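Asks: Here is a sequence together with a model predicted from it:
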Amino acid sequence: MPAPHNPFKAAITSGKPQLGCWLGLADSYAAEISAGAGFDWLLIDAEHAPNDLRSIIRQLQVISAFDSHAVVRPTIGESWMIKQLLDAGAQTLLVPMVESAAQARDPVRAVTYPPHGIRGVGSALARASSFAAISDYLTTAQNEICLLVQVENNAGMEALDDILMVEGIDGVFIGPSDLAADMGFIGNAGAPEVEKTVLDAMRRIVAAGKAGGILTLNADMQKACLDIGATFVATEIDVTLFASAMRAEAARARKMLGDGRQE
Ligand SMILES: O=C(O)C(=O)C[C@H](O)[C@@H](O)CO
């Protein structure tokens, strides 16, 4: 019995666009709501959201009941983090802040069992192997792991062509917020200079035969990246949606009571 098929990897590496949403609420109850919404993929964020291994596992468990595919972003691409996330059942990882080919090769080794990699063998204990129920996990897991890296600063842009040549990297995600900051436009990912750099990079990613990805709330940028051939595009963030809706409703309710109501 082989490791579970990764339909997200199959789709994004065969040119089939997948639309996603960022999950930063770090809560399995909220993740279950998002999983039922109809996104192709959901990003469980352990870089900027208060996720730990247990909260990630809970979200993986609830999402597994739906068609949405879970993508997990570790805080950084450390091999011990990757080992834990893969054993926990994550099949697709998005490693942030990669800025060289050497840095891109590290997570490739971390997701690969020896002799070609350094992933520790612990499938007997792992949710990933259905606790050893998947008898051929060790020899089939590799093909169903999707490894994505983020290029999101000037150094990474410089090294992009080298990163794109690293075997074992399935896709490259452009991080517009961090890229904007490093380009001197912090808080302004919509600056023309930033958008031009993002789109140029996306063309290079697609031309290299890798899957291209991004998170952007800007509908024009979403369309532009999809038109270039990006295949994993996140269009919203759960925290943003929830917080803005709550603020708007509180303001509406206060207005209903008239302007005299003080904060
Ligand atoms: O740089 C970016 O943009 C990303 O990597 C996405 C952000 O980290 C995400 O938290 C939204 O701001």
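Replies: Everything's here; your move. Numbering: from 1, shown residues only.

Asks: switch to C-alpha atoms for all contacts and neighbour counts from now on
Replies: OK.

Asks: Return the set of buried residues in the helix ranked longest in the chain.
Replies: Looking across the chain with DSSP state H, the single longest helix is helix 238-256. Buried residues in helix 238-256, defined by neighbour count with 16 or more other C-alpha atoms under 10 Å: D238.

Asks: same deal with stretch 131-144?
Replies: A132, I134, S135, Y137, L138, T140, A141, E144.

Asks: Find the residue ranges of the protein scoring beneath the pLDDT cut-off.
Replies: 259-263 (pLDDT under 70).

Asks: quick one: the strands in it?
Replies: Using DSSP state E, the strands of the chain run over 18-23, 41-45, 69-73, 92-95, 146-151, 171-174, 211-215, 232-237.

Asks: Compute the inter-axis angle for the longest helix of the chain and strand 41-45.
Replies: Angle of helix 238-256 versus strand 41-45, following axes from the mean of the first three to the mean of the last three C-alpha atoms, to 10 degrees, is 90 degrees.

Asks: In contact with L217, which residues?
Replies: A234, T235, E236 (C-alpha atoms under 8 Å, 6 or more residues apart in numbering).

Asks: residues touching M202, list them.
Replies: Per C-alpha under 8 Å, 6+ apart, neighbours of M202: I174, G212, G213, C225, I228, G229, A230.

Asks: of all the residues in the stretch 51-200 of the chain, which ones are close to the ligand?
Replies: Contact residues (C-alpha under 6 Å from any ligand atom) of the stretch 51-200 of the chain with the ligand: E152, G175, P176, S177, D178.

Asks: which residues touch the third one?
Replies: Neighbour list for P176: E152, A189, V194, V198, I214, L215, T216 [criterion: C-alpha under 8 Å, 6+ apart].

Asks: Relative to G117, how far out is it?
Replies: Here the distance between P176 and G117 works out to 31 Å (C-alpha to C-alpha, to the nearest Å).

Asks: ok, now the second one?
Replies: Here the distance between G175 and G117 works out to 27 Å (C-alpha to C-alpha).

Asks: Alpha carbons of stretch 94-104, as PDB, please.
Replies: Taking C-alpha atoms only, stretch 94-104 is exported to PDB below (Å, rounded to 0.1, in the frame of the first residue of the first chain):
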ATOM      1  CA  LEU A  94       6.300  25.900   1.700                       C
ATOM      2  CA  VAL A  95       9.800  26.900   3.000                       C
ATOM      3  CA  PRO A  96      10.200  30.700   3.500                       C
ATOM      4  CA  MET A  97      13.100  33.000   2.900                       C
ATOM      5  CA  VAL A  98      15.200  30.900   0.500                       C
ATOM      6  CA  GLU A  99      17.800  33.100  -1.100                       C
ATOM      7  CA  SER A 100      20.400  30.700  -2.600                       C
ATOM      8  CA  ALA A 101      20.600  27.400  -4.400                       C
ATOM      9  CA  ALA A 102      22.500  26.000  -1.400                       C
ATOM     10  CA  GLN A 103      19.600  27.000   0.800                       C
ATOM     11  CA  ALA A 104      17.200  25.400  -1.600                       C
END
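
Asks: what's the closest non-adjacent residue to P2?
Replies: Leaving out its chain neighbours, the residue that sits closest to P2 by C-alpha to C-alpha, 6 or more residues apart in numbering is D136, at 5.0 Å.

Asks: if we can go back for a sec, quick check, nearest of the buried residues of stretch 131-144 to the ligand?
Replies: The ligand lies nearest to E144 out of these, by C-alpha to the nearest ligand atom, at 23.7 Å.

Asks: Contact partners for the nearest residue in space to that closest one that is not next to it in sequence?
Replies: Excluding the flanking residues, the one nearest E144 by C-alpha to C-alpha, 6+ apart is N6, at 5.2 Å. By C-alpha under 8 Å, 6+ apart, the contact list for N6 reads Q91, E144, I145, C146.
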